[in-house]
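J.: need coordinates for the following:
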Amino acid sequence: MTLLSPDSPVSPLSPDALIVEEEARREQEDINAKVAGASMILAIGGIASRVLGLIREISMSFLFGASPQVSAFLVATAVPSAINDLLIAGHVNGAIIPVLSEIVTLKGRDELWRVLSILMSLIIVVLALIVLLMEIFAPQIIALTTANGYTPAMQSLAIDMLRITAPALLFMGLFALFSATLLALKSFTLPAFAGMVGNGTIVLVTLLFVPARVLTISLTLSPLMPYTYARPPHAITVVAVSWLLAGVMQMLLQLSGLKLAHLRFVLNWRHPVLRRIALLYAPVMFSLIVDTLIIRPVSYNLASQTGPGSIAYMNWATTLLQFPQGLIATAISLAVLPTLARQALGIDHNRAFKETFGLGLRLTITLIIPATVGLFVLAHPIIALLFERGAFTPVDTNITGLALRLYLIGLPFVAIDLLLVYAFYARKDTVTPALVGIVSFVIYMGVALALMPRYGLFSLMIADSVKQITHAVICGVWLRARLNGFARQRLIATAFKSTAAGLVMGVVGTLLLTLLTRVLGSGGQGFVREALVVVIAGGACLVVYVGLALLFKIEELQWLARLLKRRFSRA
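T.: From the prediction side, this is the model:
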């Protein structure tokens with residue numbers, strides 16, 4: 001079996017043409033295998049990063065609770081993170097990876113190292129200047145971001161920690177550049193596990209060096225609480241240091257993969273590649289600015305009008321939504337982008353581009369549909385398992401569960417849309433996704449405002465799903481016209497089979513969930529009960545989908561299974 005689908009029927013006119021066709025088929029099969037392998041590496045790295053990220057959050061809550069010190073730390077890290085997202089990290093996939101992929105393909109690695117040296121030097125100069133300004137104006141920045149909500153002591157603590165975390169901006173920028181270079185070279189392992197290293201560094205340093213609690217005598221000499229045990233007020237600064245070290249470790253990890261690169265400090269501001277990257281940067285930066293300064297504030301404002309806990313419900317639901325989105329959509333899209341960028345340069349670029357793009361779409365559809373259905377069915381027990389304790393009540397579980405399910409309507413389109421956007425990026429077009437983003441945001445606002453009087457908070461989830469569907473459909477139609485069709489990629493057949501298998505899986509999961517609720521009870525047994533429900537029902541859903549995939553002959557899933565088997569057998 002092959003996942004190759006030619007643009008047109010093979011009817012060679014000569015033995016030479018037959019040989020060329022066979023070589024093209026084998027080359028595409030090799031590309032397909034590498035893309036799938038890269039997707040698996042990125043997904044595994046994403047899982048490891050998210051697990052350690054959860055441990056990081058648990059460690060923070062265990063050591064400091066919901067204290068003002070934690071809020072001060074979050075402010076001190078939010079500032080450099082936001083600057084990094086706007087200036088560097090948010091543009092890597094749209095501007096830097098396609099350009100670097102083109103350079104290494106057409107001009108070789110020596111030119112790549114020259115361009116990388118120029119970009120590195122530019123980042124060092126610009127970000128070092130910003131870091132210096134952050135160090136000097138830290139009091140003003142904290143005053144601006146915290147307004148009057150902090151006591152003078154907490155503002156002072158936030159200022160101290162901002163001065164600790166500010167230099168991390170430089171290392172985050174270099175990390176993003178080095179990671180993009182490795183991805184352009186189709187080296188995925190180190191970028192995949194960078195998040196794991198960063199979160200692991202924070203967890204390790206925090207647990208090892210945060211000082212123990214000390215006895216504090218109450219100044220009021222209250223007979224009810226004459227003394228307490230608490231950590232020193234500045235203990236949280238250890239976490240700030242760990243955050244800085246995480247940036248350093250991530251950067252060094254990527255740099256180790258470029259050990260053969262000939263990097264040097266070069267201030268060549270007139271190199272033509274800078275202008276090309278800047279032109280690609282501009283639409284992506286515009287999209288990020290609109291998202292950061294308009295879409296998010298407007299969404300939060302609308303949510304806040306529906307109740308005091310609405311933003312929290314949105315946050316919990318989107319946190320769970322991002323898990324399959326990151327493990328499937330982001331992993332496959334990042335694995336495909338460097339290859340698409342190179343294929344867009346070739347003589348027979350449309351055919352090869354369609355083959356790789358079609359593979360990415362079919363893999364995404366095959367995996368995102370069962371993930372969506374499974375999370376939809378198990379939303380309630382998963383939320384109860386992860387969150388329902390302490391102040392998080394069963395009512396909160398129900399509201400978060402409904403919000404998540406409404407978001408999930410758009411999840412398959414989010415996954416497909418990300419690949420569509422990356423296909424535009426690979427063709428050096430960052431304008432089209434930005435324009436479509438404006439249209440989809442207008443639709444989002446119209447739907448949200450129209451439905452809010454009746455559905456309240458949930459109108460935002462419905463509007464978000466409509467926005468994602470709109471963006472994916474417009475991008476899909478636009479890209480199809482640009483490519484003069486997607487050729488015979490079996491997209492409809494794959495979507496139909498995967499959806500049918502997913503729906504049957506959902507019915508089985510729902511029935512099993514009802515049965516388990518009757519057997520185990522509807523509550524009162526806490527973590528163990530919910531864990532059993534999630535494991536048993538989730539495992540059954542997985543078995544049903546895989547079985548139906550074999551029955552329906554969903555080739556992509558079978559192909560992935562064979563590829564995994566070969567890789568593990570070699571190991």
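J.: go ahead and confirm Leu157 touches His234.
T.: Yes - taking contacts as Cβ atoms under 8 Å, Leu157 lies within contact range of His234: 6.7 Å. Where C-beta positions appear, they are placed from N, C-alpha and C, glycine not excepted.
J.: quick one, which of those two is more surrounded?
T.: Counted by other Cβ atoms under 10 Å, Leu157 and His234 do not tie: Leu157 has more neighbours, with 25 against 14.
J.: so what's that one scoring on pLDDT?
T.: On pLDDT, Leu157 comes in at 88.
J.: OK, contacts around it?
T.: Leu157 sits next to 69, 72, 233-234, 236-237 when contact means Cβ atoms under 8 Å, 6 or more residues apart in numbering.
J.: what do you get if the cut-off is 10 Å, keeping everything else the same?
T.: Taking Cβ atoms under 10 Å, 6 or more residues apart in numbering as the criterion, Leu157 is in contact with 68-69, 71-73, 75-76, 142, 150-151, 233-234, 236-237, 240.
J.: report the buried members of those.
T.: 68-69, 71-73, 75-76, 142, 150, 236-237, 240 (16 or more other Cβ atoms under 10 Å).
J.: lowest pLDDT pick from those?
T.: Ranked by pLDDT, the buried ones among the contacts of Leu157 bottom out at Tyr150, which scores 67.
J.: quick check, central residue of this structure?
T.: Gly326 (4.3 Å; Cα atoms, centre = their mean).
J.: so that one, which state does it fall into?
T.: helix (DSSP: H, G, I helix; E, B strand; the rest coil).
J.: that one touches Thr318, doesn't it?
T.: No - counting by Cβ atoms under 10 Å, Gly326 does not reach Thr318; the two are 11.7 Å apart.
J.: before we move on, back to that, overlap of the contact sets of Leu157 and His234?
T.: Common contacts of Leu157 and His234 (Cβ under 10 Å, 6+ apart): 69, 240.
J.: what stretches of the stretch 351-500 of the chain score poorly on pLDDT?
T.: The model of the stretch 351-500 of the chain has pLDDT under 70 over residues 389-391.
J.: next, the buried residues of the helix or strand containing Ala481.
T.: For Ala481, the host element (DSSP states H and E) is helix 458-483. Neighbour counts using 16+ other Cβ under 10 Å place 458-476, 478-479, 483 of helix 458-483 among the buried residues.
J.: then stretch 76-85?
T.: Buried, per 16+ other Cβ under 10 Å, within stretch 76-85: 76-77, 79-81, 83-85.
J.: how about that stretch as PDB, C-alpha atoms only?
T.: Presented in PDB, the C-alpha positions along stretch 76-85 are these (Å, rounded to 0.1, in the frame of the first residue of the first chain):
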ATOM      1  CA  ALA A  76       7.100  39.200  35.900                       C
ATOM      2  CA  THR A  77       7.100  36.400  33.400                       C
ATOM      3  CA  ALA A  78       4.200  37.600  31.300                       C
ATOM      4  CA  VAL A  79       6.000  40.700  30.200                       C
ATOM      5  CA  PRO A  80       9.000  39.100  28.500                       C
ATOM      6  CA  SER A  81       6.800  36.200  27.200                       C
ATOM      7  CA  ALA A  82       4.500  38.700  25.500                       C
ATOM      8  CA  ILE A  83       7.400  40.600  23.900                       C
ATOM      9  CA  ASN A  84       8.900  37.400  22.700                       C
ATOM     10  CA  ASP A  85       5.600  36.200  21.200                       C
END
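J.: now, which of the buried ones among the contacts of Leu157 lie within helices?
T.: 68-69, 71-73, 75-76, 142, 237, 240 (DSSP state H).
J.: from those residues, which single one is nearest Leu550?
T.: Nearest to Leu550 out of those is Phe73 (Cβ to Cβ; 49.6 Å).
J.: run through the residues that contact the closest residue to the closest one other than its chain neighbours.
T.: In space, and not counting its chain neighbours, Phe73 is closest to Ile236: 5.2 Å by Cβ to Cβ, 6 or more residues apart in numbering. Listed by Cβ under 10 Å, 6+ apart, the contact partners of Ile236 are 60, 63-64, 67-73, 76, 157-158, 160-161, 206, 210.
J.: with Cys541 instead?
T.: Applying Cβ under 10 Å, 6+ apart, we find Cys541 in contact with 370, 373-375, 377-378, 502, 505-506, 508-510, 512-513.
J.: with adjacent residues omitted, what lies nearest to it?
T.: Gly509 (4.4 Å).
J.: the helix or strand hosting the one you found - contacts with which helices or strands?
T.: Per DSSP H and E: Gly509 is located in helix 491-520. Counting contacts by 3 or more Cβ pairs under 10 Å, 6 or more residues apart in numbering; DSSP states H and E, helix 491-520 packs against helix 349-377, helix 379-387, helix 411-426, helix 526-551, helix 555-570.
J.: figure out which of these is closest to Ser498.
T.: Of all these, helix 349-377 sits nearest to Ser498, with 4.5 Å by Cβ to Cβ.
J.: nearest to Pro433 among the ones in helices among the buried ones among the contacts of Leu157?
T.: Distance to Pro433, by Cβ to Cβ, is smallest for Val75 among those, at 31.4 Å.
J.: what number of residues lie near the closest residue in space to Arg482 that isn't next to it in sequence?
T.: With Cβ to Cβ, 6+ apart as the criterion, Arg482 has its nearest non-adjacent residue at 7.4 Å, and that residue is Arg427. Neighbour count of Arg427, defined by other Cβ under 10 Å: 20.
J.: separation between the nearest residue in space to Phe171 that is not next to it in sequence and Ala261?
T.: Residue nearest to Phe171 in three dimensions, not counting chain neighbours: Gly247, with 3.8 Å by Cβ to Cβ, 6+ apart. Distance, Gly247 to Ala261, by Cβ to Cβ, to the nearest Å: 20 Å.
J.: cool, Asp110 as well?
T.: From Asp110 over to Ala261 the distance is 10 Å, taken as Cβ to Cβ.
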